[in-house]
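Colleague: predicted coordinates and the sequence they were generated for:
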Amino acid sequence: MRSIEWLQYYRWVSQQPLTVVDVETTGSLAYNSRIMEISVLQATLEDGILHQQTDLINPQMVIPARITQITGISQEMVSGAPLSEEILPDYLPLLRSGVLTAHNLEFDYAFLRVEAARLGSILLKPASEQLCTVQLARLLLTELPSRSLPDLVRHFRFDVAESHRAKADTLACWLLAKRLLLEILNEPDELLLARFGQQWIPLKEAAKLLGCSPKAGRSRLEAAGITARSAKRRSSTVMYRRGEVERLYEDLHKPQEEPLQSSLFD
């Protein structure tokens, strides 16, 4: 989406109830890992936090040592916890309500959908009812070197417990969403769109905005004199300023002026 569309969407989201979720898992891939902790927080900008619940889940598999090191969740802590089929049915009604929100929502949503499918249930939220605070942070906090949740907690000095536990991360995500959505509500369009325009986006996304293939997009961007940068050191991914890409889009989609018709008597 273009910046103006993101702005309209976030203004709408700010008026909706949010269902913030975080899961701690035994690995990074939903198809061969399991949820071992879940927390859901429901809130609105007007009323604040309305409800939060958190549970450990027995994943019925070995928790790798590196995961225990990151999360602090050990095998002993979950061995006596309820199974997913005992816990998740209480969460599904919550997850189906409001705007589903998470920091890197794609990750949490993938695990939730797989776990729901194991129960013979379907968890499907349309894109119009999803809020990823990573994407929002990338648009509004372009000046920061990192938009990871622990780094943002430190940056904003949010009063939450240690990161990588579901309850603390859900609360941190809510505090971040609240802070950034209030900025969306209170700042003028021109300032917000200028901030959005500073975001660096990968070639694939830039090409999508331009409505062409990455190869054609790169050619158009180079022809327009728009400078790219590498995403990271030794990375082949190139990035472009969102504002420059959108200005090129507008130039490419300007209506063509029709030539003046010559008079028959000229």
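Modeller: The structure has been received and is ready for your questions.

Colleague: okay, strands next: where are they in the stretch 1-150 of the chain?
Modeller: Secondary structure of the stretch 1-150 of the chain (DSSP state E, counting those that start in this stretch): strands at 18-25, 35-44, 48-56, 99-102, 130-132.

Colleague: report the buried residues of the fourth one.
Modeller: Within strand 99-102, the residues that qualify as buried by neighbour count (16 or more other Cβ atoms under 10 Å) are 99-102. Using the backbone N, CA and C atoms, a C-beta is placed for each residue, glycine as well.

Colleague: so how far is the helix or strand of the chain with the lowest mean pLDDT from its chain's centroid?
Modeller: One helix or strand of the chain scores below all others by mean pLDDT, DSSP states H and E: strand 229-230, with a mean of 87. Averaging C-alpha positions (Cα atoms, centre = their mean, to the nearest Å) puts strand 229-230 22 Å from its chain's average.

Colleague: following the chain onward from it, which element is next?
Modeller: Using DSSP states H and E, the helix or strand that follows strand 229-230 in sequence is strand 238-241.

Colleague: averaged pLDDT, that next one. What do you get?
Modeller: Average pLDDT, strand 238-241: 94.

Colleague: list the helices and strands it packs on?
Modeller: If you count contacts as 3 or more Cβ pairs under 8 Å, 6 or more residues apart in numbering; DSSP states H and E, strand 238-241 packs onto strand 200-202, helix 203-210, strand 229-230.

Colleague: comparing these, which comes out most buried?
Modeller: Among the helices and strands packed on strand 238-241, helix 203-210 has the highest mean neighbour count (mean count of other Cβ atoms under 10 Å), at a mean of 19.

Colleague: in CSV, list the C-alpha atoms belonging to it.
Modeller: Extracted C-alpha coordinates of helix 203-210, given in CSV (Å, rounded to 0.1, in the frame of the first residue of the first chain):
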residue,chain,number,x,y,z
LEU,A,203,13.2,-3.6,-4.2
LYS,A,204,10.4,-6.3,-4.2
GLU,A,205,8.1,-3.9,-2.3
ALA,A,206,9.1,-0.9,-4.4
ALA,A,207,8.3,-2.9,-7.6
LYS,A,208,4.9,-3.9,-6.1
LEU,A,209,4.1,-0.2,-5.5
LEU,A,210,5.1,0.6,-9.1
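
Colleague: rebuild the buried residues of strand 99-102 as TSV, extending it with pLDDT and distance to Gly243.
Modeller: Shown next, in TSV, are the buried residues of strand 99-102 (pLDDT from 0 to 100; distance: Cβ to Cβ, whole Å):
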residue	pLDDT	distance to Gly243
Val99	98	27
Leu100	98	29
Thr101	98	26
Ala102	98	27
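
Colleague: do you know which of the strands of the stretch 1-150 of the chain lies nearest His164?
Modeller: Among the strands of the stretch 1-150 of the chain, the nearest to His164 by Cβ to Cβ is strand 18-25 (6.8 Å).

Colleague: that closest one pairs with which strands?
Modeller: strand 35-44 (antiparallel), strand 99-102 (parallel) (DSSP bridges).

Colleague: to Pro89, which of those lies closest?
Modeller: Among these, strand 35-44 sits nearest to Pro89 (Cβ to Cβ), with 12.1 Å.

Colleague: list the buried residues in the closest one.
Modeller: Buried residues in strand 35-44, defined by neighbour count with 16+ other Cβ under 10 Å: 35-43.

Colleague: related to what we said a few turns ago, adding distance to Val238, write the strands paired with strand 18-25 out as JSON lines.
Modeller: As requested, these are exported to JSON lines (distance: least, Cβ to Cβ, whole Å):
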{"stretch": "strand 35-44", "distance to Val238": "36"}
{"stretch": "strand 99-102", "distance to Val238": "28"}
